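Visitor: sequence and predicted structure, then a few things I'm wondering about:
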Amino acid sequence: MYIGIDIGGTAIKAGLVNENGEILYKKEIRTRAEREYKDIERDIIELIKDLIKRSNEYGKNVKSIGLGIPGIGDVTGDFVVYCTNLGWRNVPLGKNLKSQFNLPIYIENDATVAGLAENVKGATKGSNSSIFITLGTGVGGGIIIDGKVYSGAHGTGSEIGHMIVGENFYDCNCGNNGCLETFASATAIIKYTTKIIKHGNNDTLILEKTGGDLNKITAKLVFDCAKEGDKVANESIDRMVKYLSIGIANLLNTLDPEIVAIGGGVSKAGDFLLEKVRKQVGSYLLYKDIKYADIVLATLGNDAGLVGAAMLGKYK
């Protein structure tokens, strides 16, 4: 049995997960991210104590504790190197948990653990190599190679959202220009749609549905209008699809995985998005006549972080 902790800016989800990636028990508390690190660490320790008590009721020992974080951990599992939305830098979370519980501790990026979860019991299950791309406020990724999580020699690998794919009209939060995140995220869709409307493209359902208030534009709204045939919305979505397809093709040319799963809030556009991406990716590949990775939608949703964090103990 394994413990998984999914640490987010809004909530901390914790659970007991069996060998097959099935959640046996889970609990959720508010993060209250404005607090000091030590206060949040104390909450995590209490959650783990509760989970260990529950595992004893099942008559099972906990083999390890895995944590998914919106940031990166060091390769030893001792420190969270940074976690921007919690204001953490080089905090000894793993080190302190090892001391407290005398169990193996694993810390990985939240998108990486979600990718592992999809590989264990989701859309990429059964594959030996897979890539998970999450499209939300930003773009994240998880890479599985030979059935194991890949995060690089220094723990900073699989930052798919910061692959440079072109020149953009605004810089990424990381300071670079041209990151995939600035083309393919929900934020990117909103920014580009707002830009082209401000430049005179006023004949659009988007203005009608927002009452002319550009601050009310959402990625979902743009997709909905694109499905209705709106020209402005389709221009924005087609641009997003182009650069997402370039990013995926770069990954396929480099790693040649068996399957790619797309998750996150933007993926709720479903087959409308998926079919557009499938049609474009092939045109950017080096070997166009050889079978390449299937591209599918992720299936696990909100439980992916918890399951994947727990499974680090088995597949790291």
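Guide: Received it, and whenever you're ready, just let me know what you need. As the structure is a prediction and not an experimental result, all values here were calculated from the model.
Visitor: secondary structure class of residue 16, three-state.
Guide: strand (DSSP: H, G, I helix; E, B strand; the rest coil).
Visitor: and residue 124, how many neighbours?
Guide: Residue 124 has 29 neighbouring residues, counting by other Cβ atoms under 10 Å. Just so you know, the C-beta spots here come from the backbone N, C-alpha and C atoms, and that holds for glycine as well.
Visitor: so it makes contact with residue 143?
Guide: No. Applying Cβ atoms under 8 Å, one finds residue 124 not in contact with residue 143, separated by 11.0 Å.
Visitor: list phi and psi for residue 140.
Guide: When read as degrees, to the nearest 10, the backbone of residue 140 gives phi -120, psi 170.
Visitor: what's the answer for residue 144, then?
Guide: As for residue 144, its main-chain torsions (degrees, to the nearest 10) stand at phi -120, psi 130.
Visitor: so what's it bridging to?
Guide: Each beta-bridge partner of residue 144 is listed here: residue 130, residue 149, as defined by DSSP bridges.
Visitor: got the buried residues for stretch 190-201?
Guide: Residues of stretch 190-201 classed as buried under the neighbour-count rule (16 or more other Cβ atoms under 10 Å) are 190-194, 196-197, 201.
Visitor: again with stretch 176-191
Guide: Buried residues in stretch 176-191 (16+ other Cβ under 10 Å): 178-191.
Visitor: circling back to that earlier point, shared neighbours, residue 124 and residue 143?
Guide: Residues touching both residue 124 and residue 143 (Cβ atoms under 8 Å, 6 or more residues apart in numbering) are 115, 130, 132.
Visitor: among those residues, the buried ones, what's the ChimeraX command?
Guide: The ChimeraX selection below is limited to those of the shared contacts of residue 124 and residue 143 classed as buried (16+ other Cβ under 10 Å):
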select :115,130,132
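Visitor: would you map the strands across the stretch 151-300 of the chain?
Guide: 259-263, 294-297 (DSSP state E, counting those that start in this stretch).
Visitor: for residue 85, which of those strands is the nearest?
Guide: strand 259-263 (19.1 Å; Cβ to Cβ).
Visitor: which residues touch the one helix or strand residue 108 maps to?
Guide: Using DSSP states H and E, residue 108 sits in strand 105-109. Identification of contacts with strand 105-109 by Cβ under 8 Å, 6+ apart yields 64-74, 77-80, 93-94, 97-98, 116, 140, 142, 149, 151, 158, 308-309, 312-313, 316.
Visitor: please narrow the residues you listed to those residing in strands.
Guide: Residues of those located in strands (DSSP state E): 64-69, 72-73, 80, 140, 142, 149.
Visitor: identify the farthest-apart pair in those.
Guide: 64 and 140 (23.0 Å).
Visitor: more neighbours: which of the two?
Guide: Each of residue 64 and residue 140 has its neighbours counted (other Cβ under 10 Å); residue 140 has more, 26 against 20.
Visitor: what's the closest of the buried residues of stretch 176-191 to residue 23?
Guide: Distance to residue 23 across the buried residues of stretch 176-191 (Cβ to Cβ) is lowest for residue 186, with 27.3 Å.
Visitor: which residues touch the closest one?
Guide: Going by Cβ under 8 Å, 6+ apart, residue 186 touches 135-137, 218-219, 265-266.
Visitor: go again with 10 Å.
Guide: 135-139, 218-220, 222-223, 240, 264-266 (Cβ atoms under 10 Å, 6 or more residues apart in numbering).
Visitor: make JSON lines out of the residues you listed and add distance to residue 304.
Guide: Converted to JSON lines, the contacts of residue 186 look like this (distance: Cβ to Cβ, whole Å):
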{"residue": "135", "distance to residue 304": "14"}
{"residue": "136", "distance to residue 304": "12"}
{"residue": "137", "distance to residue 304": "16"}
{"residue": "138", "distance to residue 304": "16"}
{"residue": "139", "distance to residue 304": "16"}
{"residue": "218", "distance to residue 304": "22"}
{"residue": "219", "distance to residue 304": "20"}
{"residue": "220", "distance to residue 304": "20"}
{"residue": "222", "distance to residue 304": "25"}
{"residue": "223", "distance to residue 304": "22"}
{"residue": "240", "distance to residue 304": "23"}
{"residue": "264", "distance to residue 304": "10"}
{"residue": "265", "distance to residue 304": "13"}
{"residue": "266", "distance to residue 304": "15"}
